[in-house]
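[1] Give me a model of this one.
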Amino acid sequence: MKILVTDDEKEIRKILKLLLTDYGHTVVEAANGEAAVNALTNDAGIDLCIMDIMMPKLSGIDAVKKIRNFSTVPVLFLTAKSLDSDKESAYSVGGDDYLVKPFSAAELIMKVDALTRRYNRYKAKGESTEGIIKLGFGVMINTDSREVFKFGEPIDIRDKEMELLLYLATNRGRAISAEELYRSVWDEMVLPSSNNTVTVHMLNLRRKLEDIPSSPKLIRTVWGKGYQID
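    Got it, this is the predicted structure:
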C-alpha cells in the first residue's frame, strides 16, 4: 500500500515512515498541504493520505478541500488539535478519520488498515449492487453507482456518509445504536470517542439530506436507542 504522509515536522514524517514501512507499506512524504495536493495530482497510485492540519503554505483542511475536487483517496487526519469543532471541520471537508497526537502505533495501524480495507472494498473493481432505494422525502440511493439524489438532484456524499446511509437504509424500521453503526461502518473496536465520530457524520448527512437538519424527518433520532430510517 502506498501512503502519503503530510506533516511539516520532519521528525514526525520520519517516525511515521519507519512505522508504516515496518508494516510493509510504501511511504511518500509531503512537508505541507500544497505539496500533498501536488503529490496526489501526479500520483494516482497513492492509496491513503495521512494529513496534519496546522501547516505552512496550505493547511490540511484547505488541502483536503482541493483534493476532494479530483480524488476520493481516504484521508486520515493526524493532529494535535482535539476539540470537537476541529474534528467537525476535518470531517466536513471530506476527511475519513481522525487521530489525535500523541497516538499509539497500534491505533494508527488499526485505522490505516480499516481505511484502506473499506476503500478497496467500495471503489470500482467490477463489484456492484444493483438497485434503487427510495427513502422518501425525495431521497433516492443508486446502490450500483453509489450516488444519492434528492428530488433528482445529485448530493455530494462522502464514502463514510454513504456507508452510514446504506446501513440505515438496509435496516429500515429498526433503531440502530451509535455503537453498532461504528462497529459496522468503521469496522473497528468501539472507543470512547466513537459516539462523537458517528454524531459528526450523522450531522453532515442531515445537513445534506434533511429539509430542516435541526428537525430531521428522514434519519430520526430514537431517544435512548439510536438512529432510524422508516
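[2] For residue 61, see how far away the residue positioned nearest the centre of the chain is.
    Among the residues of the chain, the one closest to the centroid is residue 96, at 1.9 Å (C-alpha atoms, centre = their mean). Separation of residue 96 from residue 61 (C-beta to C-beta, to the nearest Å): 14 Å. Every residue, glycine included, has its C-beta placed from N, CA and C.
[3] and what of residue 45?
    25 Å.
[4] So for the two, which sits in the more crowded spot?
    A count of neighbours by other C-beta atoms under 10 Å puts residue 61 above the other of residue 45 and residue 61, at 22 against 8.
[5] For the more buried one, give me its contacts.
    53, 89-90, 93 (C-beta atoms under 8 Å, 6 or more residues apart in numbering).
[6] Residue 176 contacts residue 165, correct?
    No: contact criterion C-beta atoms under 8 Å: residue 176 and residue 165 do not qualify, at 11.8 Å.
[7] neighbour-wise, which of those two wins?
    Between residue 176 and residue 165, counted using other C-beta under 10 Å, residue 165 has the larger neighbour count: 26 against 19.
[8] how long is stretch 61-77 from one end to the other?
    Across stretch 61-77, the terminal residues are separated by 9 Å (C-alpha to C-alpha, to the nearest Å).
[9] What of stretch 174-191?
    One end of stretch 174-191 sits 23 Å from the other (C-alpha to C-alpha).
[10] same thing with stretch 75-93?
    Distance between the two ends of stretch 75-93: 10 Å, counting by C-alpha to C-alpha.
[11] residues of it that come out buried?
    Within stretch 75-93, the residues that count as buried by 16 or more other C-beta atoms under 10 Å are 75-79, 81, 86-93.
[12] Next up, the contacts around residue 62.
    Residue 62 sits next to residue 33 when contact means C-beta under 8 Å, 6+ apart.
[13] Distance-wise, check residue 116 relative to residue 198.
    Residue 116 sits at a distance of 21 Å from residue 198 (criterion: C-beta to C-beta).
[14] And for residue 144?
    Per C-beta to C-beta, residue 144 is found 26 Å from residue 198.
[15] higher neighbour count, those two?
    Neighbour tally, residue 144 and residue 198, criterion other C-beta under 10 Å: the higher count belongs to residue 198, 24 against 11.
[16] What segments of this structure are strands?
    Here the chain has its strands, by DSSP state E, at 2-6, 26-30, 48-51, 75-79, 97-100, 132-136, 139-142, 147-150, 153-155, 220-222, 226-228.
[17] Tell me which of those is the most buried.
    Highest mean neighbour count among the strands of the chain (mean count of other C-beta atoms under 10 Å): strand 48-51, with a mean of 26.
[18] average model confidence for that strand?
    Mean per-residue pLDDT for strand 48-51: 95.
[19] so what secondary structure elements neighbour it?
    strand 2-6, helix 33-42, helix 60-67, strand 75-79, helix 105-122 (3 or more C-beta pairs under 8 Å, 6 or more residues apart in numbering; DSSP states H and E).
[20] and these as a markdown table, adding mean pLDDT and distance to residue 148?
    Formatted as a markdown table, these follow (pLDDT from 0 to 100; distance: least, C-beta to C-beta, whole Å):
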| stretch | mean pLDDT | distance to residue 148 |
| --- | --- | --- |
| strand 2-6 | 95 | 28 |
| helix 33-42 | 92 | 25 |
| helix 60-67 | 92 | 20 |
| strand 75-79 | 90 | 20 |
| helix 105-122 | 79 | 14 |
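[21] nearest to residue 213, of those?
    Closest approach to residue 213 among those (C-beta to C-beta): helix 60-67, 21.1 Å.
[22] The residue lying closest to residue 165 once chain neighbours are set aside: what's it in contact with?
    Excluding the flanking residues, the one nearest residue 165 by C-beta to C-beta, 6 or more residues apart in numbering is residue 205, at 6.2 Å. With contacts defined as C-beta under 8 Å, 6+ apart, the neighbours of residue 205 are 157, 161, 164-165, 219.
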